[in-house]
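Enquirer: Build me a model from this:
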Amino acid sequence: MPVEQLSSPWPILRFGEIDSTNEEARRRAVSGDVGPCWLVTEVQTAGRGRLGRQWSSPRGNLFATALLSYPRPATEATLASFAAGLAVVDAARILGVLAGRLRLKWPNDVLSGSAKLAGILIETGNLHGRLWMAAGFGVNVEIAPERSDRPTECLNNLPGGEGITAEKLLFALDASFRARLFGLLSEGFEPTRAEWLSNAAYLGRHIEVNGVSGEMAGLAEDGALIMRLADGSVTHIRAGEISLSS
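Expert: I've put the predicted structure just below:
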């Protein structure tokens, strides 16, 4: 993706209803269309999050996928999820949300306090030697879907968030995501990593991931979660779901 493609707003392709914006991105990429563009829908019938989980998609929230070619190896593509999380926080601030309670949960959630506000799903593929990326954003704008396993929140309930719509958020997110990608691609991961850590949820807290308990100690250069175990040793975890340990 030429850097100049990050300097101007990306075209927006809109749907009233679709199975999943990430699935539509995959279909387009396989057919040879790698954007850059936004795929946005009012309703998803088969929205999904990380690890194949169902993503509740009520009308009024934002369901959008950025489809683009990605000029880095597939092993580095996951780093874009950290830029994407920061972009959601940036977009909320642009629209006037008092974002002091917003935190980033490894690897790809945005929280308000302890409640989930947004999720990000980065998927990639290879077409004729060129890597494409689908960066999916699910953001609770008007509705916080009820879930039995975790609290949820929406932007409209946050201080300064009254009156924000999915449409307004999309325009702010287009600007902030392009800016964050430009920083990641031009400066490397370290500045993104440092800023993500300054907004990280649970840093220094005792957590559990994949049955492993320890202190959340940081973020590795490849995006892995760094945990300090009870015996003082350090381990890196590359996939899993954080929960707070009692």
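Enquirer: From the centroid of the protein, which residue is nearest?
Expert: Closest residue to the average C-alpha location of the chain: I120 at 2.9 Å, with Cα atoms, centre = their mean.
Enquirer: Next secondary structure after the one helix or strand it maps to?
Expert: According to DSSP states H and E, I120 maps onto strand 115-127. Where DSSP H and E defines the elements, the next helix or strand beyond strand 115-127 is strand 130-139.
Enquirer: send the alpha carbons of that next one over as CSV?
Expert: In CSV, the C-alpha atoms belonging to strand 130-139 read as follows (Å, rounded to 0.1, in the frame of the first residue of the first chain):
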residue,chain,number,x,y,z
ARG,A,130,0.5,-9.5,-2.1
LEU,A,131,-0.8,-9.4,1.5
TRP,A,132,-4.2,-8.0,2.1
MET,A,133,-5.7,-7.0,5.4
ALA,A,134,-9.3,-6.8,6.7
ALA,A,135,-9.4,-4.7,9.9
GLY,A,136,-12.8,-5.2,11.4
PHE,A,137,-14.2,-2.8,14.0
GLY,A,138,-17.3,-3.4,16.1
VAL,A,139,-18.0,-0.4,18.3
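Enquirer: Would you mark the buried spots in that strand?
Expert: By neighbour count with 16 or more other Cβ atoms under 10 Å, strand 130-139 contains the buried residues 131-139. Any C-beta I mention is one placed from the backbone N, CA and C, and that applies to glycine too.
Enquirer: ok, now stretch 183-202?
Expert: Buried residues in stretch 183-202 (16+ other Cβ under 10 Å): 183-185, 189, 192-193, 195-196, 199-202.
Enquirer: what's the farthest-apart pair in these?
Expert: L185 and Y202 (27.9 Å; Cβ to Cβ).
Enquirer: Taking strand 130-139 as reference, get the angle to the biggest helix by length in the chain.
Expert: With DSSP state H setting the assignment, residue counts place helix 166-187 as the longest helix in the chain. For helix 166-187 against strand 130-139, the angle by axes from the mean of the first three to the mean of the last three Cα atoms, to 10 degrees is 140 degrees.
Enquirer: What residues sit buried inside helix 166-187?
Expert: For helix 166-187, by 16+ other Cβ under 10 Å, it's 166, 168-174, 176-181, 183-185.
Enquirer: CA atoms of that helix as CSV?
Expert: Extracted in CSV, the C-alpha atoms of helix 166-187 (Å, rounded to 0.1, in the frame of the first residue of the first chain):
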residue,chain,number,x,y,z
ALA,A,166,-22.2,5.3,13.8
GLU,A,167,-21.8,7.6,10.8
LYS,A,168,-20.0,10.3,12.8
LEU,A,169,-17.7,7.7,14.4
LEU,A,170,-16.9,6.2,11.0
PHE,A,171,-15.6,9.5,9.6
ALA,A,172,-13.5,10.1,12.8
LEU,A,173,-12.2,6.5,12.7
ASP,A,174,-11.2,6.8,9.0
ALA,A,175,-8.9,9.7,9.9
SER,A,176,-7.5,8.2,13.1
PHE,A,177,-6.9,4.7,11.7
ARG,A,178,-5.1,6.1,8.7
ALA,A,179,-2.9,8.2,11.0
ARG,A,180,-2.2,5.3,13.3
LEU,A,181,-1.3,3.1,10.4
PHE,A,182,1.0,5.7,8.9
GLY,A,183,2.8,5.9,12.3
LEU,A,184,3.1,2.2,12.5
LEU,A,185,4.4,1.7,9.0
SER,A,186,6.8,4.7,9.0
GLU,A,187,8.1,4.6,12.6
